[in-house]
Structures are given as C-alpha cells and as structure tokens.
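*Asks:* sequence and predicted model, in that order:
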Amino acid sequence: MVDISLITATLNSADTLADCLESVIKQNLCVEHIVVDGGSDDETLAIASQYSGHLSHVIPGPDKGIYDAMNKGITACSSEVVGILNSDDFYPSDDILSKISSLFENPEIQACYGDLVYVDRAENGVERICRYWRAGPYRGAKQFYYGWMMPHPTLFVRRSVYEQYGMFNLEMGTAADYELMIRLFVKNRINVEYLPRVIVHMRAGGVSNASLGNRFRANRMDRKAWKVNGLKPYFWTLSLKPVRKIGQWVFRAVE
C-alpha cells in the first residue's frame, strides 16, 4: 500500500475536531496525521492532546490562515501521498483511505478525487444531506473552462507534485484551492483519477459562499487564479462555476 499523510488545519475547532479525528482512527489503513493549529483559544488543543497517540504531529500557531496551515502540514509530512481533511469534515466509511492508497499503486497517477456531500449538524442522531457534489470522471483540462472543478476536500496529491509545482499561493485568499487546481490540472496537466464514491462529509458553510458580496469577491479572485498562471478563461467560465452547483442541492436524511 502507498503511504498517506493527512493534514488537518484547526482554529477554535473544539465542536467538530473529535468527529474528524475519530473518522481517521476508524480507517482500515494507518496514516501519518498532522494537526496544524492557528492559535486556538478554545479546547481545540486539549482535544488534540487526547488523541496524541494517533497524531504524528501537532504544530501550534499562529499562522497566516488556513492555507498557510496547509502549507506547513505539507512541508512537515513524510508520506508519498498527501490529503487534507478539514477539522469540521469527516470520512463516511472506514475504507476511504485504503481505496485511495490502492489507486496510487499505479505510479502514473499523480492525484485523485471523489464525490463530497454537505451535511447539516446531527440532530437526534440524524444528519441531513443538503448538497451532493457528484464530481464525475475527469475528461481533461477543458472541463475547467466550462466551470467544472473537483471538490478540493476530496483531493489527494503526490507529495512530489507539491515539490515540483508548489503549494498553496497565500496571495489568492479563499481562491487558493482553485488556483492550485488551475496550476496543477490546466497549466501542468498532471494525471488525475476519479474515485466514484463519496469520500468526504463536509459540514455546511464556507467563507467564499457566505454572502453575495463574498461571492463577487471570490469570482474576482477566481479570475486572478487563471491570470497568475498565464491562462485566460472563456468569458463564461467563471459564470458557469456557481451554475454548476445548482444540481448539488438534494434533501434527504442519512441514518
């Protein structure tokens, strides 16, 4: 099996961190798990210390934001493949990481991704799926020109790719994950594989989508993501990004 490092960035994540860590512990593959804290002033670090036997490193803050924390984690990891699990996200089943590892046994695969669901907080033991991001197979860089992108929380990348093409660009703000994907998949055309299953459950929210004003700012940074890579999107590319999300809204409960 191919070794995997996981990075979890935290900042006042006491309400959700235990669920995140437990979902990793339940995996049927042992991994290197690094927590990078941004200077929490709640019980986040105390909770992390309770799981010290399962964590490879806990890197204390402060940092320059979530993408700086992710960069610190990437720099600290030692495995061949790197994944990022946000502190309010979790894996829905215990075989996720072993399936990912198996994919990377093919040395030509440089990255992989899967599907993601957004869930509301559990009430009475029931979580409600409010969005289902079915990414679908990768058909080449052209997809990005039509507003497509893979769910970043499901993305696993070989460490050698980060070493060759760079990590998150901190000047990109909340579009840093989008810029990374443009750089890796459109500009440099790395080989990526789709795993057709839900990889991550993500709790609803997100800074870039929190308000209409934030959406406009995010679109401006999305355009910059192309520009800094010497690329130019079609005039409809960025308009199609939110349109593509319409089909993600489904409403049902998960037992």
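*Replies:* Sure, I can see it.

*Asks:* ok, residue 119 - how many residues close by?
*Replies:* 20 (other Cβ atoms under 10 Å). Bear in mind the C-beta positions are built from the backbone N, C-alpha and C, glycine included.

*Asks:* so how far is residue 187 from the nearest residue to it once chain neighbours are set aside?
*Replies:* Take residue 119 and drop its neighbours on the chain: the residue closest to it by Cβ to Cβ, 6 or more residues apart in numbering is residue 127, 4.5 Å away. According to Cβ to Cβ, to the nearest Å, residue 127 and residue 187 sit 38 Å apart.

*Asks:* mind checking the SS state of the residue nearest to residue 119?
*Replies:* Three-state call for residue 127 (DSSP: H, G, I helix; E, B strand; the rest coil): strand.

*Asks:* give me the pLDDT for it.
*Replies:* Residue 127 is assigned 76 on the pLDDT scale.

*Asks:* now for the residue nearest to residue 153 when sequence neighbours are not counted: which residues touch it?
*Replies:* The shortest distance from residue 153 to any non-neighbouring residue, by Cβ to Cβ, 6+ apart, is to residue 200 (4.7 Å). By Cβ atoms under 8 Å, 6 or more residues apart in numbering, the residues touching residue 200 are 85, 89, 90, 91, 92, 114, 116, 117, 151, 153, 154.

*Asks:* so the last one is in contact with residue 111, correct?
*Replies:* Just to be clear, that refers to residue 154. No: assessed by Cβ atoms under 8 Å, residue 154 is found out of contact with residue 111, at 10.5 Å.

*Asks:* looking at the two, which is more packed in?
*Replies:* The neighbour comparison of residue 154 against residue 111 (other Cβ under 10 Å) goes to residue 154, with 26 against 22.

*Asks:* so what's residue 240 closest to, chain neighbours aside?
*Replies:* Among residues not flanking residue 240 along the chain, residue 147 sits closest, at 2.8 Å (Cβ to Cβ, 6+ apart).

*Asks:* gap between the residue sitting nearest the centre point of the chain and residue 50?
*Replies:* Centroid check for the chain by Cα atoms, centre = their mean gives residue 153 as the closest residue, at 1.9 Å. Distance from residue 153 to residue 50, counting by Cβ to Cβ: 24 Å.

*Asks:* about what we covered before: and the host helix or strand of the residue nearest to residue 153, which residues are buried?
*Replies:* Assessed by DSSP states H and E, residue 200 sits inside strand 192-203. Using 16 or more other Cβ atoms under 10 Å as the test for burial, strand 192-203 gives 192, 193, 194, 195, 198, 199, 200, 201, 202, 203.

*Asks:* and what of stretch 40-48?
*Replies:* Buried residues in stretch 40-48 (16+ other Cβ under 10 Å): 40, 43, 44, 45, 47, 48.

*Asks:* contact partners for the closest residue to residue 106 other than its chain neighbours?
*Replies:* Nearest residue to residue 106 in three dimensions, chain neighbours excluded: residue 193, at 7.7 Å (Cβ to Cβ, 6+ apart). When the contact criterion is Cβ under 8 Å, 6+ apart, the partners of residue 193 are 103, 106, 109, 111, 112, 138.
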